[in-house]
Each structure stands twice: as C-alpha cells, then as structure tokens.
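**Student:** no sequence for this one, just the structure:
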C-alpha cells in the first residue's frame, strides 16, 4: 500500500507540513509514503490538444497511491489557494464529466483520504464558529465527487507563532498515521451505516412520540391530527440531525 501526502501551503516547513509529515511517519514498512509539495509543481489547467506533463505526473502519483493525505491551512475562513487551485486544475481528471456537464466518480473511486487543516483562530472560537469548516467542506465536496472515501480529518488551532506541534496533536497525528497501515482497499462500512440509521430513526421516533404525549398532541379520536403532528415533529428532528452531521459537524479542536 502507498500513502501520498499532498501539501498545499505557502511554506514547505510550516506547521501544516509538520502535521502531514507526522502522519506519514506513522506509516510503517512494507507500506510506502511520498510527500509532494504543490509549490514545486507549476501546474496549469488542461487545454485541448496541448500536452500537460505536470498534471500527468501528479495524476500518476495519485493513481499509484491507495490513500491521500490532503494538507492545507485555512486562510480567510477557506481552503488555502494552492490546494484549491490544484483541485480546480485537476477537475476533469478527478471525475468523469457527462454530456450535460454532470460529474461522476471515475478512476480514483474507492481510494481513501485523510484531510488536515490549521488556522490562527483560537480553539474556543473555532469550536463555536467553525472557522475551519469551509476548508473541510471544500475537500469533502471534491473527494465525494471523485468517489474517494473519507477516513478522518485533523485540525490544529491557535497556530500563530507556533514552531512545533503540541505533544497531544503530535500523538494524534501519529495515531492516524498508524491507522493508515491497515486501511482496506474498499469501503466495507455499509452495514454499519444502516445499523446507525436504524437506531437514529428509532430514537427520533421515540422522541417524537414523547413530544406528542408531553404536549398532548395525541387526540384520541383524530388519527389524521395525530399522524400529521408526528410527521411534522419527526421531519424537524430528522432535518436538524442531518444538518448537524452533514454540514455543521467537523473537527474543530
């Protein structure tokens, strides 16, 4: 198995690189690692009929790897420009585009990725406001379109003036690097997701019935009023929990 670290930062030796290198240090033989610094690759978008050897080289490195570790800092509440530019230039290689312009997973489908970002924002502020959320969302959107499976995300806050990784974060990075040694080549967690979904729905149904009973929304002789209140309450709960897990919930500390 090969793990490819992709660094999209202004500094080759900054705190983002230290997180990435620490993760890669946890990968042990016979597994292989490689770190590429995007600033070393003067890539440009593909142009019809024109060769693009830089993107060709990057694409081959990505194809030859089983896991990507994508690392870029958060600037102005969003993903650093170098990584975003890389995604933009690689767009037509990451996905298959149909005749209507829709995107579909292609050659990178079922590979895996781990994402890393950091910011100057303090831990509490990031926990409350989610400054780094947009960076993770950008990475997740691109990887989902490409059919690449997410493993985890790592974030480091309060990095202004930081020269070395805090010991706790270093250990976390090493732990996840070690976990990459046993990543399976396909996603086998479908059953787990269905089980989680079952218990989530069962719990929400129980809460909905409790709300109905507590607020006396269970008219004894009106099935449709009871049914209607159940649907409305259940929908609000479902929408809220899905919003939390798909939009709001990211690693913030």
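**Tutor:** Cool, got the structure. Since we're looking at a predicted model, the values are computed, not measured.
**Student:** C-alpha from now on. contacts and neighbour counts both.
**Tutor:** Noted.
**Student:** what comes up buried for stretch 8-24?
**Tutor:** 8-10, 12, 15-24 (16 or more other CA atoms under 10 Å).
**Student:** Tell me how many other residues crowd residue 222.
**Tutor:** The number of residues packed around residue 222, counting by other CA atoms under 10 Å, is 9.
**Student:** before we move on, the earlier item: out of the buried residues of stretch 8-24, which comes closest to residue 53?
**Tutor:** Distance ranking of the buried residues of stretch 8-24 against residue 53, using CA to CA, places residue 8 first at 19.3 Å.
**Student:** doesn't residue 38 make contact with that closest one?
**Tutor:** Yes - contact status for residue 8 versus residue 38: in contact at 5.5 Å, counting by CA atoms under 8 Å.
**Student:** hey, what's in contact with both of the two?
**Tutor:** Shared contacts of residue 8 and residue 38, defined by CA atoms under 8 Å, 6 or more residues apart in numbering, comprise 82, 83.
**Student:** how far away is residue 153 from residue 111?
**Tutor:** Between residue 153 and residue 111 the distance is 16 Å, computed by CA to CA, to the nearest Å.
**Student:** ok, now how distant is residue 198 from residue 204?
**Tutor:** 10 Å.
**Student:** And residue 116, by the same measure?
**Tutor:** Counting by CA to CA, the gap from residue 116 to residue 204 is 33 Å.
**Student:** Compare those two (neighbour count), which wins?
**Tutor:** Neighbours were counted for residue 116 and for residue 204 using other CA under 10 Å; residue 116 has more, 26 against 18.
**Student:** so what's that one bridging to?
**Tutor:** Counting by DSSP bridges, residue 116 forms beta bridges with residue 71, residue 154.
**Student:** same check, this time on residue 79
**Tutor:** Here residue 79, judged by DSSP bridges, has bridge partners residue 74.
**Student:** in stretch 22-39, what's buried?
**Tutor:** For stretch 22-39, the neighbour count (16+ other CA under 10 Å) marks 22, 23, 24, 25, 26, 27, 33, 35, 37, 38 as buried.
**Student:** ok, the fourth one touching residue 174?
**Tutor:** Yes - counting by CA under 8 Å, residue 25 sits close enough to residue 174 to count as a contact (6.8 Å).
**Student:** Quick check: residue 196 is in a strand.
**Tutor:** No - Residue 196: not assigned to a strand; according to DSSP: H, G, I helix; E, B strand; the rest coil it is helix.
**Student:** mind showing which ranges of the chain have poor pLDDT?
**Tutor:** Flagging of the chain using pLDDT under 70 yields the residue ranges 185-190, 216-220, 243-249, 251-253.
**Student:** Do a quick rundown of the strands in it.
**Tutor:** In the chain, the strands defined using DSSP state E lie at 2-7, 32-37, 67-71, 74-75, 78-79, 95-97, 103-105, 112-118, 149-156.
**Student:** Redo those as TSV? Include distance to residue 230.
**Tutor:** Output for the strands of the chain, formatted as TSV (distance: least, CA to CA, whole Å):
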stretch	distance to residue 230
strand 2-7	48
strand 32-37	53
strand 67-71	43
strand 74-75	42
strand 78-79	39
strand 95-97	41
strand 103-105	37
strand 112-118	39
strand 149-156	35
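**Student:** Tell me how many other residues surround residue 154.
**Tutor:** Quick note: residue 154 (other CA under 10 Å) scores 22 neighbours.
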